[in-house]
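**Student:** need coordinates for the below:
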Amino acid sequence: MLILNKTAGFFSKPSKRKISAFLRSFNFHPRTQSLHKVVLGIETSCDDTAAAVVDETGNVLGEAIHSQTEVHLKTGGIIPPVAQQLHRENIQRIVQEALSASRISPSELSAIATTTKPGLALSLGVGLSFSLQLVNQLKKPFIPIHHMEAHALTIRLTNQVEFPFLVLLISGGHCLLALVRGVSDFLLLGKSLDIAPGDMFDKVARRLSLIKHPECSSMSGGKAIEHLAKQGNRFHFDIRPPMHHAKNCDFSFTGLQYITEKIITQKEKEEGIEKGQVLSSASDIAAAVQHTAACHIAKRAHRAILFCKQRQLLSQSHAVLVVSGGVASNFYIRRALEIVTDATQCTLLCPPPRLCADNGVMIAWNGIERLRAGLNVLHNVEGIRYEPKCPLGIDISREVGEASIKVPQLKMKI
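**Tutor:** Next up, the predicted model:
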């Protein structure tokens, strides 16, 4: 946990003069009376610099994003100091583009919402530093945002979803199942005990050298795995899903990564190629690892639904499972989850793919939700902190494990 005002110099906090000049660049005439609450959301938790302006009716008035994917593909992964520098270079432009597109004057904003936890420390620091300067200059309320809460609540921007609902958050940095009882009211049912699924896919893609594959050279690891898997035979390699006998809702992906890397090493010997070259069986390996991960995720979600219904935490007839986060855009995994929700008379909802990945819209919308609920809307930002690691909600995962719910086996015909 770091305190911003002790590290401001390290993060190159923008000067008041620069911020003032930035604000003067907007020549819109403020409306005489704002019809709705309007929030500017800023997101820099990992490797995308994003901003958006959203009103309380759910209208996205303006948004902008700068992706760092191309840079990190060349470096073989996210290097925090590189991500930090790219955030520094782009944050003012991205916020300016979002505000300009919205035609909202900064003085008309009801509040500024910014991701403060969890994420990469160096990345979080850039967004928070810039936001606090804006807050101080504009004399606006500040709303610190939990990144995973924002992912969970995005569905309420795009669909009419009432509390409570179940949420599965799967991304490059996170994997968890939680019951959402309200804004800032979560029961954590299970989480990854090691790495996240997106991280596992990225590592497998790097080990397969998919950046050298002609069809995948510009794709992130997860996208490359999903693309190649369509051409592969998932049954060519028999990989058992992780934690097969554990009757809880926790996840694990390190073992799956290790087993897949062993298969790759063995196939390299069989094909007589060196590490760093693309295997002829790469698509089969991609299909097998994606299928195994999908079955593991689906079984955990299945148990979570059964647990919540058994404890009457979810409606028996109108239960909703929301899936969000970057890996939620994987349509194979979505299909596996559809099989589960069909079997449990549950509705599966996913935000559109562009809102599954990190974005400014979800941060602004979470700001709207908190503003309406009057939760953690700050008028004094002295000593505001960012937290690289931060749990979500009340952890009842032990209670889930003790329930020892047996999950019926489903045929995963995907």
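**Student:** all contacts plus neighbour counts: C-alpha atoms, from now on.
**Tutor:** Noted.
**Student:** can you name the next helix or strand after the one helix or strand Lys299 maps to?
**Tutor:** Here Lys299 sits within helix 282-310, counting by DSSP states H and E. Per DSSP H and E, the first helix or strand lying C-terminal to helix 282-310 is strand 320-324.
**Student:** which ones are touching Gln290?
**Tutor:** By Cα atoms under 8 Å, 6 or more residues apart in numbering, the residues touching Gln290 are Ile225, Glu226, Ala229, Tyr332, Ile333.
**Student:** try 10 Å
**Tutor:** By Cα atoms under 10 Å, 6 or more residues apart in numbering, the residues touching Gln290 are Pro197, Phe201, Gly222, Ile225, Glu226, Ala229, Arg234, Asp284, His296, Asn330, Tyr332, Ile333.
**Student:** re the thing from before, please identify the buried residues of the helix holding Lys299?
**Tutor:** 282-309 (16 or more other Cα atoms under 10 Å).
**Student:** please state the offset of it from the chain centre?
**Tutor:** 18 Å (Cα atoms, centre = their mean, to the nearest Å).
**Student:** shaky segments in this structure?
**Tutor:** Applying pLDDT under 70 to the chain flags residues 1-16, 25-35.
**Student:** quick check: angle from the helix holding Lys299 to strand 320-324?
**Tutor:** Angle of helix 282-310 versus strand 320-324, following axes from the mean of the first three to the mean of the last three Cα atoms, to 10 degrees, is 140 degrees.
**Student:** use 669 as the first number for this chain going forward.
**Tutor:** Sure, I'll start counting at 669 from here, so that last one is helix 950-978.
**Student:** ranges for the strands of the protein?
**Tutor:** Using DSSP state E, the strands of the chain run over residues 670-671, 706-711, 716-723, 728-735, 779-785, 810-814, 833-838, 843-850, 853-859, 988-992, 1015-1017, 1053-1054, 1062-1063.
**Student:** check contacts around Thr960.
**Tutor:** Neighbouring residues of Thr960 by Cα under 10 Å, 6+ apart: Arg902, Asp906, Ile907, Arg908, Pro909, Pro910, Leu924, Ala966, Ile1001.
**Student:** now do 7 Å
**Tutor:** Counting by Cα atoms under 7 Å, 6 or more residues apart in numbering, Thr960 touches Ile907, Arg908, Pro909.
**Student:** could I have the PyMOL command that selects the buried members from those?
**Tutor:** Those of the contacts of Thr960 that count as buried under 16+ other Cα under 10 Å are selected in PyMOL with:
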select buried, resi 907+909
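**Student:** returning to that earlier point: how about the contacts of Gln958 in a markdown table, adding distance to His704?
**Tutor:** Formatted as a markdown table, these follow (distance: Cα to Cα, whole Å):
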| residue | distance to His704 |
| --- | --- |
| Pro865 | 39 |
| Phe869 | 42 |
| Gly890 | 39 |
| Ile893 | 43 |
| Glu894 | 41 |
| Ala897 | 46 |
| Arg902 | 51 |
| Asp952 | 52 |
| His964 | 43 |
| Asn998 | 35 |
| Tyr1000 | 39 |
| Ile1001 | 38 |
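**Student:** can you get me a residue count around the residue nearest to Ala718 when sequence neighbours are not counted?
**Tutor:** In space, and not counting its chain neighbours, Ala718 is closest to Ile733: 4.2 Å by Cα to Cα, 6 or more residues apart in numbering. By the measure other Cα atoms under 10 Å, the count of residues near Ile733 is 22.
**Student:** quick one: furthest residue from the center of the chain?
**Tutor:** Distance from the C-alpha centroid of the chain, by Cα atoms, centre = their mean, peaks at Gly940 (39.0 Å).
**Student:** I'd like the distance between that residue and Ser877.
**Tutor:** Taking Cα to Cα, to the nearest Å as the measure, Gly940 falls 16 Å from Ser877.
**Student:** re the thing from before, show me what contacts the residue nearest to Ala718?
**Tutor:** Asp716, Thr717, Ala718, Ala719, Ile762.
**Student:** and if you look at Leu896?
**Tutor:** Counting by Cα under 7 Å, 6+ apart, Leu896 touches Ser951, Ala954.
**Student:** separation between it and Met887?
**Tutor:** Relative to Met887, and taking Cα to Cα, Leu896 is found at 11 Å.
**Student:** over to Ser778?
**Tutor:** 38 Å.
**Student:** for these two, indicate the residue with more neighbours.
**Tutor:** Neighbours per residue, other Cα under 10 Å: of Ser778 and Met887, the larger number sits with Ser778, 20 against 16.
**Student:** pretty sure the more buried one sits against His704.
**Tutor:** No. If you go by Cα atoms under 7 Å, Ser778 and His704 don't touch, sitting 8.8 Å apart.
**Student:** what's the overlap in contacts for those two?
**Tutor:** Common neighbours of Ser778 and His704 (Cα under 7 Å, 6+ apart) do not exist.
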